[in-house]
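J.: Make a model of this:
(chains A and B)
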Protein chains: 2
Amino acid sequence: MKLPSRVKLVDVGPRDGLQNEKQPVPAEVKIGLVHRLQEAGLKNIEVTSFVSPKWVPQMADNAEVMAGIERRADVCYSVLTPNMKGFEAALPSRPDEIVVFGAASEAFSQRNINCSIAESIERFAPVVQAAREHGIHVRGAISCAVGCPYEGEVAPERVELVARLMKQIGVQHVGVADTIGVGTPRKVQRALEAALRHYGLDDVSGHYHDTYGQALANTLASLELGVWQYDTSSAGLGGCPYAKGATGNVATEDVVYLLHGMDIETGIDLDRLIDAGKYISDYLERKPNSRASTALLNKRHG
Amino acid sequence: MKLPSRVKLVDVGPRDGLQNEKQPVPAEVKIGLVHRLQEAGLKNIEVTSFVSPKWVPQMADNAEVMAGIERRADVCYSVLTPNMKGFEAALPSRPDEIVVFGAASEAFSQRNINCSIAESIERFAPVVQAAREHGIHVRGAISCAVGCPYEGEVAPERVELVARLMKQIGVQHVGVADTIGVGTPRKVQRALEAALRHYGLDDVSGHYHDTYGQALANTLASLELGVWQYDTSSAGLGGCPYAKGATGNVATEDVVYLLHGMDIETGIDLDRLIDAGKYISDYLERKPNSRASTALLNKRHG
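T.: Next comes the predicted model:
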């Protein structure tokens, strides 16, 4: 079986990760994290979201963070823009990519973004159109693509439906997200295959949570389908609001260790990545939630 | 690719796990763990080792533990017996299986069992012969099959050599152990393939540590080779003496979650297994080192 020889990782720590912190992290610390990630070789960073600070106070400093980054021409900086208001607010920050967030589960859509799946697509349509008119790349996230905290297992047909609707409104890339980390290799493959019915291999990525410890096995299974783009989070930032105290996003460090061990290129310097994860973990006064980082930091200190 | 439809897990928690505890665990607690594991459906349990209490005080109660277990006819109870003295001490405890411990790394063999690989095989030979004369099954562990804390990467040829030597002296089954957890899927597959040159698929098992978070990805890669037997440790018992503070044996709970999610039978009741892991973790005053257990325990308590 031929695996991809190169993989692109999108570090979602500054956004998806830090959004889950009770105490908002200061803009300068977020900027420090973004700088360290790009120094480690990350070419794709999900920086912040443009949503109401009433709902997500953790991201209220979105414009400040975007303005504070010393941007590199070869790095893609993404931001979440759930609606036109968010998109318009984001525009002066010149994001390279925007992300719209849909769900494969009706119940999750209702509770997470207060509308049905169909309504969410309607709401995204003008955002997608506006972004594309501005030459901004559009990524769509399909959350709860394997399981939902309210509905349980999610059928691949639901993923296919959302992928089809996203394709219709001009979303260029879809991310298949196992938001609550319940997926196992075959289930994740079936969800990816559903998205691949509407998008090519270059336009589908995997987004896995390590809540049940399955994220790297799911990544391997995805590589075996040829999927070569993944969202990961430095230091495993981001808890799981649906499983208190549990692990959230898979750690970038663990995925890089896996990939490099399989001779798959990422362009990332694992040592510097560990420094980036250590930087933000030190700020948060906790240990990096990454086994590779833990083992390598222990080794450093003999 | 056809995966095994059924997998056999050997829970090594009572031995490989608890041997790594600084404070010896009382015999009655070990017996309590073994009972809970067999109630959860484990049919193979590595109970203790018969080694000098001077070297491994944690296992000084070996005979007491073996005598205290309410044995079931369909459960295989294994014990480690590194030499004839250990074997003779183990015999009255009527183990169903003995385990001899070799290494694929010369430096590790020297430091761990104070002799060369060749000398270790010589030492095992009479043990193996005696065990087989008593109708006791013999398993050989090949530790450091992927990497060694002293030598770094270990070549598959070294694994092949040890497997060949073990075959020659009558060892019936070999376990390919990534003792320090540095392996990634292709490297682990190459180590297994090396063992498979001398043993059939029914006589090779995988033993992975989750030190770098790779154990489940390595398990998936091994399943893809048809390997259907694995050593795992309830609650992830067992640290890694070569990476202080790091994770050791992969948690049985995480592996069962993976397998059941892929519709692979184990005969294990995950809920009761979590109870077993919780029992020993409560005694040790720590949380189970298993992400699946953490997530499911959180769910139980809503």
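
J.: Close to chain B: what parts of chain A are there?
T.: A:1, A:181-187, A:210-214, A:216-217, A:219-221, A:240, A:243-247, A:251, A:254, A:257-258, A:260-263, A:290-292, A:294-295, A:298-299 (Cβ under 8 Å from any Cβ of the partner chain). To be clear about C-beta, it is placed using only N, CA and C from the backbone, and glycine gets the same treatment.

J.: redo that, cut-off 6 Å
T.: For chain A, the residues in contact with chain B (Cβ under 6 Å from any Cβ of the partner chain) are A:184-186, A:211-213, A:216-217, A:220, A:243-247, A:254, A:257-258, A:261-262, A:291-292, A:294-295, A:298.

J.: Can you tell me which of the residues you listed end up in helices?
T.: Cross-referencing these against helices under DSSP state H gives A:185-186, A:216-217, A:220, A:254, A:257-258, A:261, A:291-292, A:294-295, A:298.

J.: can you list those in JSON lines and add neighbour count and pLDDT?
T.: JSON lines is the format used below for these (neighbours: other Cβ atoms under 10 Å in any protein chain shown; pLDDT from 0 to 100):
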{"residue": "A:Pro185", "neighbour count": "24", "pLDDT": "98"}
{"residue": "A:Arg186", "neighbour count": "15", "pLDDT": "98"}
{"residue": "A:Leu216", "neighbour count": "30", "pLDDT": "98"}
{"residue": "A:Ala217", "neighbour count": "30", "pLDDT": "98"}
{"residue": "A:Leu220", "neighbour count": "24", "pLDDT": "98"}
{"residue": "A:Asp254", "neighbour count": "27", "pLDDT": "98"}
{"residue": "A:Tyr257", "neighbour count": "26", "pLDDT": "98"}
{"residue": "A:Leu258", "neighbour count": "27", "pLDDT": "98"}
{"residue": "A:Gly261", "neighbour count": "21", "pLDDT": "98"}
{"residue": "A:Arg291", "neighbour count": "26", "pLDDT": "95"}
{"residue": "A:Ala292", "neighbour count": "30", "pLDDT": "96"}
{"residue": "A:Thr294", "neighbour count": "24", "pLDDT": "93"}
{"residue": "A:Ala295", "neighbour count": "28", "pLDDT": "93"}
{"residue": "A:Asn298", "neighbour count": "16", "pLDDT": "89"}
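
J.: so which two of the residues you listed are the farthest from each other?
T.: By the measure Cβ to Cβ, A:Arg186 and A:Asn298 form the most distant pair in these, at 34.1 Å.

J.: pLDDT weak spots in chain A?
T.: Flagging of chain A using pLDDT under 70 yields the residue ranges A:1, A:240-246, A:302.

J.: all strands of it, in order?
T.: Secondary structure of chain A (DSSP state E): strands located at A:8-11, A:44-49, A:76-80, A:97-103, A:137-143, A:147-148, A:152-153, A:173-178, A:204-208, A:229-232.

J.: for the ones in helices among the residues of chain A next to chain B, which one is nearest A:Gln23?
T.: Of all these, A:Gln23 sits closest to A:Thr294, with 23.5 Å by Cβ to Cβ.

J.: rewinding a little: would you format the strands of chain A as CSV with distance to B:Ser109 and mean neighbour count included?
T.: Shown next, in CSV, are those (distance: least, Cβ to Cβ, whole Å; neighbours: other Cβ atoms under 10 Å in any protein chain shown):
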stretch, distance to B:Ser109, mean neighbour count
strand A:8-11, 38, 24
strand A:44-49, 45, 26
strand A:76-80, 49, 23
strand A:97-103, 52, 25
strand A:137-143, 50, 25
strand A:147-148, 45, 24
strand A:152-153, 48, 11
strand A:173-178, 42, 26
strand A:204-208, 38, 26
strand A:229-232, 37, 26
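
J.: how about those, which one is nearest A:Gly267?
T.: Minimum separation from A:Gly267 across the strands of chain A (Cβ to Cβ) falls at strand A:8-11, 8.4 Å.

J.: outside of the closest one, which residues touch it?
T.: A:37, A:42, A:44-46, A:229-232, A:234, A:252 (Cβ atoms under 6 Å, 6 or more residues apart in numbering or on different chains).

J.: Out of the strands of chain A, which is closest to B:Gln129?
T.: strand A:204-208 (49.1 Å).

J.: pull the CA atoms of the closest one into PDB?
T.: This file holds the C-alpha atoms of strand A:204-208, laid out as PDB (Å, rounded to 0.1, in the frame of the first residue of the first chain):
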ATOM      1  CA  VAL A 204     -10.100  16.400   2.100                       C
ATOM      2  CA  SER A 205      -8.400  16.400   5.500                       C
ATOM      3  CA  GLY A 206      -8.700  14.500   8.800                       C
ATOM      4  CA  HIS A 207      -9.300  16.100  12.200                       C
ATOM      5  CA  TYR A 208      -9.100  13.700  15.000                       C
END
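
J.: tell me what that strand is packed against?
T.: If contacts are counted by 3 or more Cβ pairs under 6 Å, 6 or more residues apart in numbering or on different chains; DSSP states H and E, strand A:204-208 sits against strand A:173-178, helix A:215-223, strand A:229-232.
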